[in-house]
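Trainee: Dropping a prediction and its sequence here:
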Amino acid sequence: MKTVRLGAIAESLPCDYGDDPTDDAPAFHVVKVSNVGSEGQFHGDFEKRRFRDDQIANLLVKEGELLVVKSSGSKANILSGKTAICGTDRAGRIVASNFLLRLRVDEAAAVPRFLWYVLNSGASKAFVKTIVGASTYPNLKWSLYASHPVALPPLAEQRRIVEVLDRAEALRAKRRAALAQLDSLTQSLFLDLFGDPATNPKGWPRKPIGEIGKVITGNTPPRANPGYYGTHIEWIKSDNINTPHYYLTKASEGLSESGKAVARTVPAGSILVTCIAGSPECIGNAAMTDREVAFNQQINAFVPANGDPHFLYAQMLVGKRLIQEASTAGMKGMVSKGRFERIFLVLPPIELQREFACRVTAVEKLKTAQRASLAEFDALFASLQHRAFRGE
């Protein structure tokens, strides 16, 4: 199996779509960084832009072309090496934004889908990290990316590898789809039983959060005292909340006993909410606690005294805009403790809240099983990918 440079089997094509033309020009979907998912699939809503005939001729993405995240406000988007491939359903209908690299593969040398798998592999992402600068807003330059080494078996072997990986990917996709359906089920259950908490169409009694329970804003023990940090208790940050998980993910940093003494902590059954963030979209992200934790000042914790915690948590997920509307204006979002305490939540009869909580906990058990199954398929896929690209 020979090894070649990426630039020897693919060329970079133009993405810059220039100025907006007149309103009578045809409109096409524009793929942005946000439309390239972590699994290399297209997702989300596409922006529409109009293009003159002389603009669009060289910009339409063809089947088999690869779109790689080149620049972004989030460094993680670039370091992840996210790469999407244009299929028959999108060919000739989309345009790549100039925040992406658009690559056309020499199909006499490489199968586009094989190269797509290569560029989404762990080894490829490691290569991206070595060539991307340390600046806050790095850029993946084609002049450097073109030197990416690609182990290239014969075309027939590439097609066989693609067939095997496609089968494994199909299993992963089914698990991801099942999890997405279960995620939407909780919201559907809430809306069916209680309606939208922002508009309260069923006329339930309402109270401000500050009258339903206690609100605590987190803090950071002084870094000048390294003895405050250790493994006695987890110290939660926003990245442990801004996830699809029902409960907090495990913190990467902890506090010692003395650190806990100067920190703010909450018990299991509390709800942690991101209230200070670099992006307004992250305001209102929430997670339940299933253990005692400490947390930083970007987070407001809600410890319910009245009402079922699972019901109140689901209400915050469904009514996220209630929290976002309490945020101060600006590029960054912030909801102070006072503003958070004044947000009104609906309070149906406690029996109805508990009935909902029973259903939700059953759904969460199913999600836990599906996540475990997905993790197994992910491990299988990674193993197959590793072996395939090593020529095994």
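Mentor: Received, thanks.
Trainee: can you give me the helices for the stretch 201-350 of the chain?
Mentor: Secondary structure of the stretch 201-350 of the chain (DSSP state H, counting those that start in this stretch): helices at 209-212, 257-262, 309-318, 320-324, 337-341, 350-389.
Trainee: tilt between the last one and helix 309-318?
Mentor: In other words, helix 350-389. Here helix 350-389 runs at an angle of 60 degrees relative to helix 309-318 (axes from the mean of the first three to the mean of the last three Cα atoms, to 10 degrees).
Trainee: Would you enumerate the residues in contact with His232?
Mentor: By Cβ atoms under 8 Å, 6 or more residues apart in numbering, His232 lies in contact with 254-257, 259-260. To be clear about C-beta, it is placed using only N, CA and C from the backbone, and glycine gets the same treatment.
Trainee: which among these end up buried?
Mentor: 254-256, 259-260 (16 or more other Cβ atoms under 10 Å).
Trainee: helix, strand or coil for Gly133?
Mentor: coil (DSSP: H, G, I helix; E, B strand; the rest coil).
Trainee: give me the number of residues near it?
Mentor: 13 (other Cβ atoms under 10 Å).
Trainee: and the gap between it and Thr186?
Mentor: For Gly133, the distance to Thr186 equals 41 Å [Cβ to Cβ, to the nearest Å].
Trainee: Likewise for Glu47?
Mentor: From Glu47 to Thr186 the distance is 29 Å (Cβ to Cβ).
Trainee: neighbour count winner among those two?
Mentor: Higher neighbour count among Glu47 and Thr186: Thr186, with 21 against 15, using other Cβ under 10 Å.
Trainee: wait, doesn't the more buried one sit right on Val360?
Mentor: Yes. Applying Cβ atoms under 8 Å as the test, Thr186 and Val360 come out as touching, 5.6 Å apart.
Trainee: quick one: low-confidence parts of the chain?
Mentor: The model of the chain has pLDDT under 70 over residues 16-23, 73, 134-137, 329-332, 391-392.
Trainee: Who does Leu101 form a beta bridge with?
Mentor: For Leu101, the beta-bridge partners are Val68 (DSSP bridges).
Trainee: Tell me how many other residues crowd it.
Mentor: 22.
Trainee: Tell me who's in contact with it.
Mentor: Here Leu101 is in contact with 12, 15, 66-70, 140, 142, 145 (criterion: Cβ under 8 Å, 6+ apart).
Trainee: Any chance of JSON lines for the residues you listed, columns distance to Asn296 and neighbour count?
Mentor: Listed next are the contacts of Leu101 as JSON lines, based on distance: Cβ to Cβ, whole Å; neighbours: other Cβ atoms under 10 Å:
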{"residue": "Ser12", "distance to Asn296": "42", "neighbour count": "17"}
{"residue": "Cys15", "distance to Asn296": "39", "neighbour count": "20"}
{"residue": "Leu66", "distance to Asn296": "39", "neighbour count": "24"}
{"residue": "Leu67", "distance to Asn296": "36", "neighbour count": "28"}
{"residue": "Val68", "distance to Asn296": "34", "neighbour count": "26"}
{"residue": "Val69", "distance to Asn296": "29", "neighbour count": "24"}
{"residue": "Lys70", "distance to Asn296": "32", "neighbour count": "23"}
{"residue": "Leu140", "distance to Asn296": "31", "neighbour count": "22"}
{"residue": "Trp142", "distance to Asn296": "39", "neighbour count": "18"}
{"residue": "Tyr145", "distance to Asn296": "36", "neighbour count": "24"}
